[in-house]
Every structure is written in structure tokens, then in C-alpha cells.
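have a look at this prediction, sequence included:
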Amino acid sequence: MDAIFTSGIFMSFFIALLLFTKKNKALTDRILAIWVALIGLHLLSYYLYHLGFWEKYPHMVGITAPFPLIHGPMLYLYTLYSLRNDKSLRPVDYWHFAPFLIGYLSMFEFFFFYSAEEKRLVDHGVVDDFGLTMSVMLVGFIVSGLTYSFLAYRLTWKHKHKIDDNFSYEEGINLDWLRYCIYGIGIIFLTATVIIVLRDALGMQFSFNADFIFYTLIILFIFYIGYFGIRHQDMFTNNIKTTVSQPSKIPTEEKYKKTGLKDQKINEIHKELISFMDEKKPYLDPKVSLSDLAD
């Protein structure tokens, strides 16, 4: 287990470093770099807890307790801006991190005013001052994770239909990577939900540390990111994004009603178009889009 954790932690920070040092970074690169770095910190914190460091250094207790609340928003924003061309986050996007910040604010007194011995007692469950706070964060983690996974999947579903309506060739704008990310995070959240319900709500006692299942899945997710990044070099090098513009909502007849073209000119253009289609056959190009054909 130690080897799995150390390799997962190393891979997390290594991937984050590659993304942070990438030239011409897109917004999605920065989002993924921050997210993977946070995952690395989360894994490192739990690994140190597993090794008994929190017992030796009680001031580390709870330092990453609100971290599970950030994975859902990061997945959603990464998916959202993988399908857009924005250079920076919109002001409204920062509201997704409100539960994460509220989690830290709710533990402000614990972090700065509790002594080392008091923190040790809280960690051992002898003192239950923050039992309600932890319960609320657990419920928030489940709701946040499942909700954001659904919202991220809905984004890809809508985008897929937009692609089908505008492109005859899909390989250059393949959504498999995003879908697999969403499936992976969804499985992690579902697994964590089952463990939390069985252990904390129903009182089931596991013969092993059930948390290892959750963290092992996170590590496998990190390895998948690394595998995909190496196999598809555009993740760690300059990437070219294909975007699909929103289709016009103006009816065709209304849109071109006032073009000023004479009937004679329209007929000439129509003949040229028919001739071009017959001779060049642009529709045979599997990568041609409606906008390319219109140009």
C-alpha cells in the first residue's frame, strides 16, 4: 500500500509540474494542473495520517478535511472550459468553491485556537466539538460529487449533439477523454457514498480500512491522466482545440431576406455553387464542417 500511495503522490505532482510548465497553456491546462496538485496534497495528507504523523504533529489534524468538496467543482469547470474557448474563469464560476471555503471557515477556531492536545482528542473522537461540521461536510461531499458529475456529463451530452448537427467527422473533437474522466470521478464518488452510508449511517464494521478503496481509486484516476497525457501528447504540449459555434437561431429566410442580392445574381451564384459541388465534391471530405462548406 505504501508503494501505491507514494507512486500516486509522485505522479500527481509530476503531472501538475508538466502542466504548470507547459508553454501556451490553455485555461483547461491551468484548471487541471491545480486540480491534480490538490489531489496530490490530499493523498499526501492522508498518507501522513496513515503513517501516524498526525499523532506526532497534532496541528496537522483536519488540514485537508474540506478537500473532498473541491473535486466536483474542478471536474465541472474542467469539462465546461474544455468545450469553450474562454481565456479565464467567469466571476460566477468562483461561487462553485463557496462550500470548500465555508468548510475551512467553519474550522477556523479549531485550526487557530485549539491546542495540540485538544486537536489530538478531537482526532481520537474523545471530544466531539466538530462532529456536526464533519457530518455536514460528508453530506456536502456526496451531494457535490454526484451533482457535479451529472452536470459535467450533461455538458458533454449537449456538446455531442451539437457536434452531430454540425460536423461529419468527429475524431478531431473526440469527447472520450472527458467522458472517461467523468465516469472515473463518478465511480469514485459512488464508491465513497456507499462506504460512508454503510460505515457511518448503518454502523457496519469493515475488517479492513475502507478508506483505502476510495484513495486507491483516486490514485488509479491519476495514473489514467498520466497515461492519457503520454499517449495523447497534446495534454502536455501545445494543443489545438476545435470548438463548435452556437447555431444561429434566426430562421434562414429571415436571415437572408435583406441581403440586397438580385434574382439574377442569386441564379448565377447558384449555378457556380452547383458547378463547384459537381467538380470539387467537397462533401466527400469527412472532416468538412457546415461552416467550411459555407465558406
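Everything's here; your move.

can you name the next helix or strand after the helix or strand harbouring Arg179?
Arg179 belongs to helix 176-196 when elements are defined using DSSP states H and E. Per DSSP H and E, the first helix or strand lying C-terminal to helix 176-196 is helix 211-231.

and the helix holding Arg179, what other elements does it pack with?
Contact analysis of helix 176-196 by 3 or more C-beta pairs under 8 Å, 6 or more residues apart in numbering; DSSP states H and E lists helix 68-82, helix 131-166, helix 211-231 as its packing neighbours. In short, each C-beta sits where N, CA and C put it, glycine included.

ok, which of these comes nearest Asp2?
The stretch from the helices and strands packed on helix 176-196 with the least distance to Asp2 (C-beta to C-beta) is helix 211-231; that distance is 11.5 Å.

now the closest one: average pLDDT?
Helix 211-231 shows a mean pLDDT of 85.

on that earlier part again, quick one, the helix holding Arg179 and helix 131-166 angle?
In this structure, helix 176-196 runs at an angle of 150 degrees to helix 131-166, with axes from the mean of the first three to the mean of the last three C-alpha atoms, to 10 degrees as the basis.

and helix 176-196, which residues are buried?
Neighbour counts over helix 176-196 (16 or more other C-beta atoms under 10 Å) mark 178-179, 181-182, 184-186, 188-189, 192-193, 195-196 as buried.

repeat that for stretch 220-228.
Within stretch 220-228, the residues scored as buried using 16+ other C-beta under 10 Å are Phe221, Ile222, Phe223, Ile225, Gly226.

contacting residues around that stretch?
Outside of stretch 220-228, the residues within contact range by C-beta atoms under 8 Å, 6 or more residues apart in numbering are 8, 11-12, 14-15, 32, 36, 39-40, 177, 180-181, 184-185, 188, 235.

make it 7 Å
The list of residues contacting stretch 220-228 from outside it, by C-beta atoms under 7 Å, 6 or more residues apart in numbering, reads Gly8, Met11, Ser12, Ile15, Val36, Ile39, Trp177, Gly184, Ile185, Ile188, Met235.

tell me the spacing between the fourth one and Ile188.
Distance of Ile15 to Ile188, given as C-beta to C-beta, to the nearest Å: 17 Å.

what about Gly125, which SS state?
coil (DSSP: H, G, I helix; E, B strand; the rest coil).

after the worst-scoring helix or strand of the chain on mean pLDDT, next one along is what?
With mean pLDDT, DSSP states H and E as the measure, the helix or strand of the chain carrying the lowest mean pLDDT is helix 252-255 (a mean of 54). Proceeding N to C from helix 252-255, the next assigned helix or strand is helix 263-280, under DSSP H and E.

Pro66 falls within a strand, correct?
No. With three-state DSSP as the criterion, Pro66 is assigned coil and is not in a strand.

excluding chain neighbours, what is closest to it?
For Pro66, ignoring the flanking residues on the chain, the nearest one in space by C-beta to C-beta, 6 or more residues apart in numbering is Gly103 at 2.9 Å.

that neighbour against Val136, yeah?
No. With contact defined as C-beta atoms under 7 Å, Gly103 does not reach Val136; the gap is 8.6 Å.

what's the offset of stretch 12-28 from the middle of its chain?
The gap between the average C-alpha position of stretch 12-28 and the chain average comes to 15 Å, counting by C-alpha atoms, centre = their mean, to the nearest Å.

what's the span of it, first residue to last?
Distances were taken as C-alpha to C-alpha, to the nearest Å; on that basis the terminal residues of stretch 12-28 are 16 Å apart.

give the buried residues for it.
Buried residues in stretch 12-28, counted by 16+ other C-beta under 10 Å: Ser12, Phe13, Ile15, Ala16, Leu18, Leu19, Lys22, Ala26, Leu27, Thr28.

what's the first helix or strand after the helix or strand that contains Thr6?
Using DSSP H and E, Thr6 sits in helix 2-20. Counting by DSSP H and E, the element after helix 2-20 in chain order, helix or strand, is helix 27-50.
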